[in-house]
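>>> sequence and predicted model, in that order:
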Amino acid sequence: MKSLLARRLVQAVPVLLIVVCLAFLLLRLAPGDAVDALVVEMGGGDPGLIARLRAEYGLDQPWPVQLGLYLSHVVRLDLGWSVGFSRPVLGLVLERAGNTALLMAAALSLALSTGTLLGVAAAQSHLKGRGWLDTLVTGFGLLLYAMPGFWIGLMLIVAFAVKLRWLPLAGIATVPSFDTGWAYVADVARHLVLPTVALSLMYVAVYLRLMRAGMLEVAGSDFVRTARAKGLAPGRITWRHVVRNALLPMVTVFGIHFGMLLGGSVVIESVFAIPGLGRLAYEAVTKRDLNLLLGIILASAVMVILVNLAVDLLYARLDPRLRGPR
(Lines give C-alpha, C1' and ligand atoms only; values in the text may rest on other atoms or scores of the structure.)
Protein backbone atom coordinates (compact mmCIF):
# COMPACT_ATOMS: atom_id res chain seq x y z
CA MET A 1 0.00 0.00 0.00
CA LYS A 2 2.87 2.38 0.75
CA SER A 3 4.50 1.74 -2.62
CA LEU A 4 1.16 2.31 -4.37
CA LEU A 5 0.71 5.59 -2.51
CA ALA A 6 4.23 6.71 -3.46
CA ARG A 7 3.70 5.87 -7.14
CA ARG A 8 0.42 7.76 -7.29
CA LEU A 9 1.91 10.84 -5.62
CA VAL A 10 4.81 10.89 -8.09
CA GLN A 11 2.39 10.55 -11.02
CA ALA A 12 0.28 13.44 -9.69
CA VAL A 13 3.06 16.01 -10.23
CA PRO A 14 3.21 15.88 -14.06
CA VAL A 15 -0.59 15.64 -14.20
CA LEU A 16 -0.93 18.90 -12.27
CA LEU A 17 1.73 20.53 -14.45
CA ILE A 18 -0.06 19.52 -17.66
CA VAL A 19 -3.43 20.69 -16.29
CA VAL A 20 -2.04 24.11 -15.33
CA CYS A 21 -0.22 24.61 -18.65
CA LEU A 22 -3.19 23.59 -20.79
CA ALA A 23 -5.62 25.71 -18.77
CA PHE A 24 -3.28 28.69 -18.95
CA LEU A 25 -2.90 28.43 -22.74
CA LEU A 26 -6.61 27.89 -23.39
CA LEU A 27 -7.62 30.84 -21.21
CA ARG A 28 -5.03 33.07 -22.85
CA LEU A 29 -6.44 32.16 -26.28
CA ALA A 30 -9.90 33.36 -25.24
CA PRO A 31 -10.78 36.89 -26.35
CA GLY A 32 -10.50 39.62 -23.72
CA ASP A 33 -8.96 39.62 -20.28
CA ALA A 34 -9.57 40.95 -16.77
CA VAL A 35 -8.47 44.46 -17.72
CA ASP A 36 -11.10 44.61 -20.48
CA ALA A 37 -13.82 43.59 -18.02
CA LEU A 38 -12.49 46.07 -15.44
CA VAL A 39 -12.54 48.92 -17.96
CA VAL A 40 -16.13 48.06 -18.93
CA GLU A 41 -17.18 48.17 -15.27
CA MET A 42 -15.43 51.55 -14.91
CA GLY A 43 -17.40 52.92 -17.86
CA GLY A 44 -14.40 53.15 -20.18
CA GLY A 45 -10.81 54.30 -20.05
CA ASP A 46 -8.13 55.86 -22.23
CA PRO A 47 -5.46 53.69 -23.92
CA GLY A 48 -2.81 54.92 -21.49
CA LEU A 49 -4.78 53.70 -18.47
CA ILE A 50 -5.43 50.32 -20.15
CA ALA A 51 -1.73 49.92 -20.94
CA ARG A 52 -0.74 50.76 -17.34
CA LEU A 53 -3.24 48.26 -15.96
CA ARG A 54 -1.97 45.51 -18.26
CA ALA A 55 1.60 46.27 -17.23
CA GLU A 56 0.64 46.21 -13.54
CA TYR A 57 -0.99 42.78 -13.83
CA GLY A 58 1.72 41.41 -16.15
CA LEU A 59 -0.63 40.98 -19.10
CA ASP A 60 1.66 42.89 -21.47
CA GLN A 61 4.29 40.13 -21.42
CA PRO A 62 4.49 37.31 -24.04
CA TRP A 63 2.56 34.22 -22.99
CA PRO A 64 5.66 32.02 -22.39
CA VAL A 65 6.94 34.64 -19.91
CA GLN A 66 3.51 34.85 -18.26
CA LEU A 67 3.36 31.04 -17.97
CA GLY A 68 6.83 30.85 -16.47
CA LEU A 69 6.03 33.57 -13.94
CA TYR A 70 2.75 31.90 -13.03
CA LEU A 71 4.38 28.50 -12.48
CA SER A 72 7.09 30.06 -10.32
CA HIS A 73 4.39 31.65 -8.16
CA VAL A 74 2.35 28.42 -7.97
CA VAL A 75 5.36 26.58 -6.56
CA ARG A 76 5.35 29.13 -3.72
CA LEU A 77 1.56 28.61 -3.27
CA ASP A 78 0.89 32.07 -4.66
CA LEU A 79 -2.00 31.86 -7.12
CA GLY A 80 -1.91 35.53 -7.98
CA TRP A 81 -4.33 38.41 -7.52
CA SER A 82 -8.02 38.39 -8.45
CA VAL A 83 -8.76 41.54 -10.45
CA GLY A 84 -12.52 41.06 -10.22
CA PHE A 85 -12.60 40.61 -6.43
CA SER A 86 -9.48 42.62 -5.50
CA ARG A 87 -8.28 39.79 -3.28
CA PRO A 88 -5.62 37.07 -3.39
CA VAL A 89 -6.84 34.08 -5.38
CA LEU A 90 -5.66 31.52 -2.82
CA GLY A 91 -7.78 33.05 -0.06
CA LEU A 92 -10.87 33.15 -2.28
CA VAL A 93 -10.44 29.54 -3.41
CA LEU A 94 -9.87 28.21 0.12
CA GLU A 95 -12.86 30.18 1.37
CA ARG A 96 -15.19 28.61 -1.19
CA ALA A 97 -13.64 25.13 -1.52
CA GLY A 98 -14.98 23.96 1.83
CA ASN A 99 -18.61 24.54 0.80
CA THR A 100 -18.12 22.72 -2.51
CA ALA A 101 -16.33 19.78 -0.86
CA LEU A 102 -19.12 19.51 1.72
CA LEU A 103 -21.81 19.54 -0.98
CA MET A 104 -20.04 16.95 -3.14
CA ALA A 105 -19.27 14.68 -0.19
CA ALA A 106 -22.92 14.74 0.84
CA ALA A 107 -24.14 14.16 -2.73
CA LEU A 108 -21.74 11.28 -3.44
CA SER A 109 -22.47 9.64 -0.08
CA LEU A 110 -26.22 9.83 -0.71
CA ALA A 111 -25.87 8.59 -4.29
CA LEU A 112 -23.54 5.72 -3.37
CA SER A 113 -25.57 4.49 -0.38
CA THR A 114 -28.98 4.82 -2.04
CA GLY A 115 -27.79 3.38 -5.35
CA THR A 116 -26.14 0.43 -3.60
CA LEU A 117 -29.25 -0.44 -1.57
CA LEU A 118 -31.58 -0.11 -4.57
CA GLY A 119 -29.20 -2.15 -6.74
CA VAL A 120 -29.03 -4.92 -4.14
CA ALA A 121 -32.82 -4.94 -3.87
CA ALA A 122 -33.22 -5.11 -7.67
CA ALA A 123 -30.65 -7.91 -8.05
CA GLN A 124 -32.11 -9.92 -5.17
CA SER A 125 -35.63 -9.62 -6.57
CA HIS A 126 -34.38 -10.76 -9.98
CA LEU A 127 -32.55 -13.74 -8.51
CA LYS A 128 -35.57 -14.75 -6.43
CA GLY A 129 -37.98 -14.50 -9.34
CA ARG A 130 -39.77 -11.31 -8.22
CA GLY A 131 -39.41 -9.57 -11.55
CA TRP A 132 -41.94 -6.82 -10.80
CA LEU A 133 -39.73 -5.28 -8.10
CA ASP A 134 -36.67 -5.45 -10.36
CA THR A 135 -38.60 -3.72 -13.16
CA LEU A 136 -39.93 -1.08 -10.78
CA VAL A 137 -36.51 -0.22 -9.34
CA THR A 138 -34.69 -0.14 -12.69
CA GLY A 139 -37.50 1.94 -14.22
CA PHE A 140 -37.22 4.38 -11.33
CA GLY A 141 -33.48 4.62 -11.93
CA LEU A 142 -34.00 5.32 -15.63
CA LEU A 143 -36.46 8.08 -14.74
CA LEU A 144 -33.93 9.69 -12.40
CA TYR A 145 -31.21 9.52 -15.04
CA ALA A 146 -33.42 11.24 -17.61
CA MET A 147 -34.19 14.28 -15.41
CA PRO A 148 -31.65 17.17 -15.56
CA GLY A 149 -30.23 18.32 -12.24
CA PHE A 150 -31.16 21.99 -12.59
CA TRP A 151 -34.82 21.07 -13.26
CA ILE A 152 -34.87 18.77 -10.23
CA GLY A 153 -33.40 21.59 -8.15
CA LEU A 154 -36.04 24.07 -9.28
CA MET A 155 -38.86 21.58 -8.61
CA LEU A 156 -37.48 20.84 -5.15
CA ILE A 157 -37.35 24.57 -4.40
CA VAL A 158 -40.96 25.05 -5.52
CA ALA A 159 -42.23 22.02 -3.59
CA PHE A 160 -40.28 22.04 -0.32
CA ALA A 161 -39.10 25.66 0.05
CA VAL A 162 -41.90 27.74 -1.51
CA LYS A 163 -45.06 25.66 -1.10
CA LEU A 164 -44.44 23.55 2.02
CA ARG A 165 -41.73 25.80 3.55
CA TRP A 166 -40.06 22.81 5.19
CA LEU A 167 -36.53 23.65 4.06
CA PRO A 168 -34.51 26.82 3.33
CA LEU A 169 -34.67 28.31 -0.14
CA ALA A 170 -30.98 28.97 -0.80
CA GLY A 171 -27.55 29.57 0.72
CA ILE A 172 -25.33 27.47 2.93
CA ALA A 173 -26.50 28.89 6.28
CA THR A 174 -29.01 31.38 7.65
CA VAL A 175 -27.84 34.99 7.24
CA PRO A 176 -27.37 36.55 9.71
CA SER A 177 -26.78 33.44 11.79
CA PHE A 178 -25.79 33.54 15.44
CA ASP A 179 -25.89 29.76 15.87
CA THR A 180 -22.84 27.94 17.15
CA GLY A 181 -21.94 24.32 17.80
CA TRP A 182 -24.57 21.73 16.94
CA ALA A 183 -27.19 24.39 16.18
CA TYR A 184 -24.97 25.71 13.38
CA VAL A 185 -24.33 22.16 12.09
CA ALA A 186 -28.08 21.51 12.00
CA ASP A 187 -28.65 24.79 10.16
CA VAL A 188 -26.05 23.94 7.50
CA ALA A 189 -27.48 20.42 7.16
CA ARG A 190 -30.98 21.83 6.51
CA HIS A 191 -29.59 24.12 3.81
CA LEU A 192 -27.75 21.21 2.16
CA VAL A 193 -30.74 18.86 1.87
CA LEU A 194 -32.22 20.21 -1.37
CA PRO A 195 -28.95 20.80 -3.31
CA THR A 196 -27.61 17.42 -2.19
CA VAL A 197 -30.70 15.61 -3.46
CA ALA A 198 -30.71 17.59 -6.73
CA LEU A 199 -27.02 16.86 -7.38
CA SER A 200 -27.11 13.17 -6.45
CA LEU A 201 -30.25 11.78 -8.09
CA MET A 202 -28.69 11.18 -11.52
CA TYR A 203 -25.78 9.31 -9.91
CA VAL A 204 -28.20 7.22 -7.86
CA ALA A 205 -29.44 5.78 -11.16
CA VAL A 206 -25.88 5.01 -12.32
CA TYR A 207 -24.87 3.26 -9.09
CA LEU A 208 -28.15 1.36 -9.00
CA ARG A 209 -27.56 -0.17 -12.42
CA LEU A 210 -23.88 -0.85 -11.71
CA MET A 211 -24.64 -2.64 -8.46
CA ARG A 212 -27.46 -4.65 -10.01
CA ALA A 213 -25.31 -5.77 -12.95
CA GLY A 214 -22.34 -6.52 -10.69
CA MET A 215 -24.40 -8.62 -8.30
CA LEU A 216 -26.01 -10.63 -11.08
CA GLU A 217 -22.55 -11.36 -12.51
CA VAL A 218 -20.94 -12.27 -9.18
CA ALA A 219 -23.91 -14.37 -8.01
CA GLY A 220 -23.08 -17.01 -10.62
CA SER A 221 -19.40 -17.29 -9.69
CA ASP A 222 -17.85 -20.52 -8.45
CA PHE A 223 -16.90 -19.15 -5.03
CA VAL A 224 -20.53 -18.13 -4.39
CA ARG A 225 -21.76 -21.61 -5.25
CA THR A 226 -19.07 -23.02 -2.97
CA ALA A 227 -20.24 -20.77 -0.13
CA ARG A 228 -23.81 -21.98 -0.62
CA ALA A 229 -22.62 -25.61 -0.63
CA LYS A 230 -20.87 -25.02 2.69
CA GLY A 231 -24.19 -23.98 4.19
CA LEU A 232 -23.44 -20.28 4.84
CA ALA A 233 -26.43 -18.09 5.64
CA PRO A 234 -27.93 -16.33 2.58
CA GLY A 235 -27.46 -12.91 4.16
CA ARG A 236 -23.79 -13.58 4.86
CA ILE A 237 -23.27 -14.75 1.27
CA THR A 238 -25.00 -11.68 -0.12
CA TRP A 239 -23.22 -9.00 1.90
CA ARG A 240 -19.81 -10.56 2.56
CA HIS A 241 -19.18 -12.24 -0.79
CA VAL A 242 -21.51 -10.93 -3.52
CA VAL A 243 -21.85 -7.26 -2.55
CA ARG A 244 -18.19 -6.84 -1.66
CA ASN A 245 -17.04 -8.05 -5.09
CA ALA A 246 -19.80 -6.15 -6.91
CA LEU A 247 -18.55 -2.93 -5.30
CA LEU A 248 -15.28 -2.95 -7.25
CA PRO A 249 -16.59 -1.28 -10.45
CA MET A 250 -18.61 1.17 -8.34
CA VAL A 251 -15.45 2.29 -6.55
CA THR A 252 -13.82 3.05 -9.90
CA VAL A 253 -16.82 5.02 -11.16
CA PHE A 254 -16.98 6.85 -7.83
CA GLY A 255 -13.61 8.48 -8.52
CA ILE A 256 -14.65 9.47 -12.06
CA HIS A 257 -17.92 10.97 -10.86
CA PHE A 258 -16.15 13.25 -8.42
CA GLY A 259 -14.69 15.18 -11.35
CA MET A 260 -18.08 15.25 -13.08
CA LEU A 261 -19.69 16.59 -9.92
CA LEU A 262 -17.36 19.57 -9.97
CA GLY A 263 -18.86 20.52 -13.31
CA GLY A 264 -22.40 19.86 -12.12
CA SER A 265 -21.85 21.94 -9.01
CA VAL A 266 -21.65 25.08 -11.17
CA VAL A 267 -25.34 24.73 -12.03
CA ILE A 268 -26.53 23.51 -8.63
CA GLU A 269 -24.61 26.18 -6.70
CA SER A 270 -26.06 28.83 -8.99
CA VAL A 271 -29.62 27.53 -8.56
CA PHE A 272 -29.33 27.36 -4.77
CA ALA A 273 -27.02 30.40 -4.37
CA ILE A 274 -24.35 28.38 -2.56
CA PRO A 275 -21.02 30.22 -2.22
CA GLY A 276 -18.80 27.44 -3.55
CA LEU A 277 -16.20 26.90 -6.26
CA GLY A 278 -18.83 26.33 -8.94
CA ARG A 279 -20.53 29.66 -8.39
CA LEU A 280 -17.15 31.34 -8.01
CA ALA A 281 -16.09 29.93 -11.41
CA TYR A 282 -19.25 31.37 -12.98
CA GLU A 283 -18.50 34.78 -11.47
CA ALA A 284 -14.88 34.54 -12.63
CA VAL A 285 -16.02 33.85 -16.21
CA THR A 286 -18.38 36.84 -16.22
CA LYS A 287 -15.57 39.06 -14.89
CA ARG A 288 -12.95 37.51 -17.22
CA ASP A 289 -10.81 36.96 -14.16
CA LEU A 290 -8.29 34.53 -15.64
CA ASN A 291 -6.11 34.28 -12.52
CA LEU A 292 -9.12 33.27 -10.46
CA LEU A 293 -10.21 30.74 -13.08
CA LEU A 294 -6.73 29.22 -13.11
CA GLY A 295 -6.78 28.98 -9.34
CA ILE A 296 -10.17 27.24 -9.40
CA ILE A 297 -8.99 24.80 -12.08
CA LEU A 298 -5.84 24.03 -10.09
CA ALA A 299 -7.81 23.51 -6.86
CA SER A 300 -10.29 21.28 -8.69
CA ALA A 301 -7.46 19.22 -10.19
CA VAL A 302 -5.89 18.75 -6.74
CA MET A 303 -9.24 17.65 -5.28
CA VAL A 304 -9.84 15.17 -8.12
CA ILE A 305 -6.32 13.73 -7.80
CA LEU A 306 -6.68 13.29 -4.03
CA VAL A 307 -10.07 11.60 -4.38
CA ASN A 308 -8.78 9.26 -7.09
CA LEU A 309 -5.78 8.49 -4.88
CA ALA A 310 -8.16 7.51 -2.10
CA VAL A 311 -10.14 5.41 -4.61
CA ASP A 312 -6.96 3.60 -5.72
CA LEU A 313 -6.09 2.80 -2.12
CA LEU A 314 -9.63 1.59 -1.41
CA TYR A 315 -9.60 -0.52 -4.57
CA ALA A 316 -6.29 -2.07 -3.54
CA ARG A 317 -7.79 -2.75 -0.13
CA LEU A 318 -10.74 -4.57 -1.70
CA ASP A 319 -8.61 -6.38 -4.31
CA PRO A 320 -5.11 -7.26 -3.01
CA ARG A 321 -3.94 -8.22 -6.53
CA LEU A 322 -3.65 -4.49 -7.37
CA ARG A 323 -1.14 -3.64 -4.64
CA GLY A 324 1.80 -4.50 -6.84
CA PRO A 325 5.00 -6.40 -5.95
CA ARG A 326 6.07 -6.41 -2.32
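Everything's here; your move.
>>> if I look at Lys128, how far off is Ala122?
11 Å (C-beta to C-beta, to the nearest Å). Where you see a C-beta, it was placed from the backbone N, CA and C, and this is true even at glycine.
>>> out of those two, which sits in the more crowded spot?
Ala122 (26 against 11; other C-beta atoms under 10 Å).
>>> hang on, that one packs against Leu142?
No. Here Ala122 does not reach Leu142: they are 11.8 Å apart, not a contact under C-beta atoms under 8 Å.
>>> quick one: Trp81 and Asn291 touch, right?
Yes. Between Trp81 and Asn291 there is a contact at 6.4 Å, judged by C-beta under 8 Å.
>>> find residues that contact each of Lys128 and Ala122.
Shared contacts of Lys128 and Ala122 (C-beta atoms under 8 Å, 6 or more residues apart in numbering): none.
>>> after the worst-scoring helix or strand of the chain on mean pLDDT, which helix or strand is next?
Across the helices and strands of the chain, mean pLDDT, DSSP states H and E gives its lowest value to helix 34-42, namely a mean of 66. Following helix 34-42 in sequence order, the next helix or strand is helix 47-56 (DSSP states H and E).
>>> which elements pack onto that following helix?
When contacts are defined as 3 or more C-beta pairs under 8 Å, 6 or more residues apart in numbering; DSSP states H and E, helix 47-56 sits against helix 34-42.
>>> follow-up on the earlier one: intersection of neighbour lists for Trp81 and Asn291?
Val89.
>>> with neighbour numbers in mind, choose between these two.
Set side by side, Trp81 and Asn291 give different neighbour counts by other C-beta under 10 Å, the larger being at Asn291 (25 against 18).
>>> unless I'm mixing things up, that one is touching Leu79, no?
Yes. At 6.9 Å, Asn291 and Leu79 qualify as touching, with contact defined as C-beta under 8 Å.
>>> got any residues that touch both of these two?
Shared contacts of Asn291 and Leu79 (C-beta under 8 Å, 6+ apart): Val89.
>>> start to end distance for stretch 141-160?
With C-alpha to C-alpha, to the nearest Å as the measure, stretch 141-160 spans 22 Å from end to end.
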